[in-house]
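Colleague: need a structure here:
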Amino acid sequence: MSVAIRINDELYNEAKSIAQAEFRSVPEQIQYWAVVGKCALDNPELPISLIKELIYTKRQSLDLAEPFEFE
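Modeller: Coordinates of the predicted model:
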């Protein structure tokens, strides 16, 4: 579901700049920031770099994963 929201021009322009550099649309960039921010607020003990890695890993295809086998 999509919902239109209003944001100030400064935030939009910053999102647009970063979105282009990271190959995202502006809405995708703002959504990414929201997810990272929510995770950071929910888990204040975790560093942002770990949160970003976890989000990235979660979005990866399971086809790339290798099963772990006990020896």
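
Colleague: ranges for the helices of this structure?
Modeller: Per DSSP state H, the chain carries helices over the ranges 9-21, 26-42, 48-59.

Colleague: tally of neighbours for the closest residue to I30 other than its chain neighbours?
Modeller: Distance criterion CB to CB, 6 or more residues apart in numbering; nearest residue to I30, sequence neighbours excluded, is A15 at 5.2 Å. (Each C-beta comes from the backbone N, C-alpha and C, glycine too.) When counting by other CB atoms under 10 Å, one arrives at 21 neighbours for A15.

Colleague: quick one: G37 and E69, what's the gap?
Modeller: To E69, G37 is 37 Å away according to CB to CB, to the nearest Å.

Colleague: who's more crowded, those two?
Modeller: Between G37 and E69, counting by other CB under 10 Å, G37 is the more crowded of the two (12 against 5).

Colleague: per-residue confidence at that one?
Modeller: With respect to pLDDT, G37 has a value of 95.

Colleague: Please apply the same query to the one 3 residues further on.
Modeller: Turning to A40, the model gives it a pLDDT of 95.

Colleague: so what's it up against?
Modeller: By CB atoms under 8 Å, 6 or more residues apart in numbering, A40 lies in contact with 46, 48, 51.

Colleague: which of those count as buried?
Modeller: The neighbour-count criterion (16 or more other CB atoms under 10 Å) marks I51 among the contacts of A40 as buried.
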